[in-house]
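Colleague: Need a 3D model of the sequence below.
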Amino acid sequence: MTTDTIHDTDHQHDDHHEHKMTGIKRWLYTTNHKDIGSMYLWFSFIMFLTGGAMAMVIRAELFQPGLQIVDPDFFNQMTTVHGLIMVFGAIMPAFTGLANWMIPMMIGAPDMALPRLNNWSFWILPFAFSILLMSFFIGSGAPNFGWTFYAPLSTTYSNGSTAFFVFAVHIMGISSIMGAINIVVTIMNMRAPGMTYMKMPLFVWTFFITAYLLVAVMPVLAGVVTMVLTDTYFGTSFFDAAGGGDPVMFQHIFWFFGHPEVYIMILPAFGIVSTTIPTFSRKPLFGYSSMVYATASIAFLSFIVWAHHMFTTGMPLFGELFFMYCTMLIAVPTGVKVFNWVATMWRGAISFETPMLFSIAFVILFTIGGFSGLMLAMTPVDFQYHDTYFVVAHFHYVLVTGALFSIYAGAYYWLPKWTGYMYDDALSKWHFWCSLISVNLLFFPMHFLGLAGMPRRIPDYALQFADFNKWVSIGGFAFGLSQLIFLAVVIKCIRGGEKSEAKTWDGATGLEWTVPSPAPYHTFEKPPKID
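Modeller: Predicted structure coming up:
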């Protein structure tokens, strides 16, 4: 009996075993990449609504000047846990869910390489976030030192929840590392015969590179939270100047993790829009290989720019110049990507389905976030922008209209494939337009608030910021409520409706490009022949 036949009988046994399990057991024990992908997506959406509720508390408090709804300490707890949940609980698991669902199918693999590890890497996540949220109900409350947990705020002055926070972060990190190893092993060992690296779909490429980033930087986070733990409870002084430590060292270690982390949250987004834009432009992606190299360049550069978060800590001039120029250099491969997306749409026969609307919004609004990032990269002006609402506007343009919008584009693009039914088109367009208008009302005025000097993470503010803050809060509540439309669309789609075609977007676009890499040559003067 060959190893292949042994594997086949194993799979049959597994399938039979899976088939017998129903109800909660099916989800607890499943090793099926689609089930696990679905659980990641549902979990991330629940966390998104949880973190969103915290953002609503923040915006309600800032609706007008003065302290009215919550006390300053609880406000700080809200900003901290909102950030942690959105980064580690909403955006990252959503991308991991999409990767779990789609990568095996895109590379022609029967499942992920390590299916039981896959199950475990998901199921430890709910426990991590339960521990984090549990800290609200202990004596001194949740972490209140910001999601970046700068020492000595998280060590000397922490409120007793640091241990909960550290344990939760460790478990999230273990989950991320295991998920990343699984993806790397799957992509390297389970591609269909003939699928070389340069023929992989771009979504697979971006997640392949993201997985390497995760494996590289999550242990750095583990190290820094362990140092925070020992400083707080075991008498070490890594970050305590009185004991010979250095609080600025905390920032170096944290941002050495933190900067690649922000690319972990945006590279998969590039992969999604590189999948959707060609479909709805009815053209192959412009510049496939340049996209791959640009993604790899961004990943490499992300490791040598961490201290641009630290211009105000008193760096030597050479250090400031080095980090300034390296940061501005990242704009080059990112610009290549934006150019390629626009070139893909150029002279294409575009149809504005909901995934395409989110993708176009992504390209435009992510570019705004990129420009404000370029402004923040310039050392002299960063002294003005640092720790103001300008920074908040910048990273929300990148992470909400960037990462989140791309997740929506991917969800709408693949929902018919996942459920077998088409989603409600009218409702999905309502979701898009409500989100688009409200998200700009929410985050664009923050640029002006920041330039005028309004500091971030402060529950009260001077009277001159009142009008903008009122509009920002209205935009915030509108954006939050708009996401319930998405929930309605998904539930309605799962429950049935119009049957999806075998090639979902054939009806919409007349063509779904399944050629991931160099497409057949033609000039587009006349439509290409499709077999």
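
Colleague: any idea how far residue 131 is from residue 138?
Modeller: 11 Å (CB to CB, to the nearest Å). Heads up, the C-betas are built off the backbone N, CA and C, glycines and all.

Colleague: And those two? Which one has more around it.
Modeller: More crowded of residue 131 and residue 138, by other CB atoms under 10 Å: residue 131, with 19 against 13.

Colleague: any idea what sits nearest that one, other than its immediate chain neighbours?
Modeller: residue 168 (4.4 Å; CB to CB, 6 or more residues apart in numbering).

Colleague: same deal with residue 437?
Modeller: residue 478 (7.6 Å).

Colleague: tell me which strands and helices the host helix or strand of the one you found is in contact with?
Modeller: Element membership for residue 478, per DSSP states H and E: helix 466-495. For helix 466-495, the contact count by 3 or more CB pairs under 8 Å, 6 or more residues apart in numbering; DSSP states H and E identifies helix 33-61, helix 405-419, helix 425-451 as packing neighbours.

Colleague: Stretch 303-313: which residues count as buried?
Modeller: Neighbour-count burial for stretch 303-313, counted by 16 or more other CB atoms under 10 Å, picks out 305, 306, 307, 308, 309, 310, 311.

Colleague: let me redo that: stretch 350-370
Modeller: In stretch 350-370, counting by 16+ other CB under 10 Å, buried: 350, 353-363, 365-370.

Colleague: Can I get that stretch as CSV, trimmed to CA atoms?
Modeller: The C-alpha coordinates for stretch 350-370 follow below in CSV (Å, rounded to 0.1, in the frame of the first residue of the first chain):
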residue,chain,number,x,y,z
ILE,A,350,-15.8,48.3,-15.3
SER,A,351,-18.9,47.1,-13.5
PHE,A,352,-19.6,48.6,-10.1
GLU,A,353,-20.6,45.6,-8.1
THR,A,354,-20.3,46.0,-4.3
PRO,A,355,-16.9,44.4,-4.0
MET,A,356,-15.6,46.8,-6.7
LEU,A,357,-17.1,49.8,-4.9
PHE,A,358,-15.2,48.8,-1.7
SER,A,359,-12.1,48.2,-3.7
ILE,A,360,-12.2,51.6,-5.5
ALA,A,361,-12.9,53.3,-2.2
PHE,A,362,-10.0,51.4,-0.7
VAL,A,363,-7.6,52.6,-3.4
ILE,A,364,-8.6,56.3,-3.0
LEU,A,365,-8.9,56.5,0.8
PHE,A,366,-5.9,54.3,1.5
THR,A,367,-3.9,56.7,-0.7
ILE,A,368,-5.1,59.6,1.5
GLY,A,369,-3.8,57.6,4.5
GLY,A,370,-0.6,57.0,2.7
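
Colleague: what about that stretch, average pLDDT?
Modeller: Taken as a whole, stretch 350-370 carries a mean pLDDT of 97.

Colleague: Please compute how far that stretch lies from its chain's middle.
Modeller: 16 Å (CA atoms, centre = their mean, to the nearest Å).

Colleague: what's the distance between the residue nearest to residue 131 and residue 367?
Modeller: In terms of CB to CB, residue 168 sits 34 Å off from residue 367.

Colleague: Same check on residue 394?
Modeller: 12 Å.

Colleague: tell me the contacts of residue 464?
Modeller: Counting by CB atoms under 8 Å, 6 or more residues apart in numbering, residue 464 touches residue 452.

Colleague: Give me the neighbour count for the closest residue to residue 493 other than its chain neighbours.
Modeller: Among residues not flanking residue 493 along the chain, residue 423 sits closest, at 4.2 Å (CB to CB, 6+ apart). Neighbour count for residue 423, taken as other CB under 10 Å: 23.

Colleague: I'd assumed residue 423 was in a strand, is it?
Modeller: No. Assessed with DSSP: H, G, I helix; E, B strand; the rest coil, residue 423 is coil; it does not lie in a strand.

Colleague: I'd guessed it sits against residue 413; true?
Modeller: No. Judged on CB atoms under 8 Å, residue 423 makes no contact with residue 413 at a distance of 10.3 Å.

Colleague: Quickly find the element holding residue 130.
Modeller: Residue 130 belongs to helix 115-134, assigned by DSSP H and E.

Colleague: Which residues does that helix contact?
Modeller: Residues outside helix 115-134 that contact it (CB under 8 Å, 6+ apart): 28-33, 36, 39-40, 43, 47, 50, 81, 84-85, 88-89, 93, 100, 112, 142-143, 164-165, 167-169, 171-172, 174-176, 178-179, 181-182.

Colleague: following it, which helix or strand shows up next?
Modeller: helix 162-189.

Colleague: which helices and strands does that following helix pack with?
Modeller: helix 92-107, helix 115-134, helix 202-233.

Colleague: where's residue 24 relative to residue 43, distance?
Modeller: With distances taken as CB to CB, residue 24 is found 15 Å from residue 43.

Colleague: Which one's more surrounded, those two?
Modeller: The neighbour comparison of residue 24 against residue 43 (other CB under 10 Å) goes to residue 43, with 21 against 8.

Colleague: Leaving aside the residues adjacent along the chain, what's closest to that one?
Modeller: The shortest distance from residue 43 to any non-neighbouring residue, by CB to CB, 6+ apart, is to residue 93 (5.6 Å).

Colleague: surely the one you found meets residue 44?
Modeller: Yes. At 4.1 Å, residue 93 counts as touching residue 44 under the criterion of CB under 8 Å.

Colleague: The two: which has the busier surroundings?
Modeller: Between residue 93 and residue 44, counted using other CB under 10 Å, the more crowded position is residue 93 (28 against 23).

Colleague: quick check, residue 112 in a strand?
Modeller: No. Assessed with three-state DSSP, residue 112 is coil; it does not lie in a strand.

Colleague: mind checking how far it is from residue 97?
Modeller: Residue 112 is 12 Å from residue 97, by CB to CB.

Colleague: And the helices in the stretch 201-350 of the chain, which stretches?
Modeller: 202-233, 247-264, 267-281, 288-301, 317-345 (DSSP state H, counting those that start in this stretch).

Colleague: Tell me the pLDDT of residue 180.
Modeller: Reported pLDDT for residue 180: 97.

Colleague: what's the spacing between it and residue 426?
Modeller: The spacing between residue 180 and residue 426, counted by CB to CB, is 39 Å.

Colleague: What separation do you get for the nearest residue to residue 285 once chain neighbours are set aside and residue 178?
Modeller: Nearest residue to residue 285 in three dimensions, chain neighbours excluded: residue 278, at 4.6 Å (CB to CB, 6+ apart). Distance, residue 278 to residue 178, by CB to CB: 32 Å.

Colleague: Look at the two and report which has more neighbours.
Modeller: For residue 278 versus residue 178, neighbours defined as other CB under 10 Å are more numerous around residue 278 (26 against 20).
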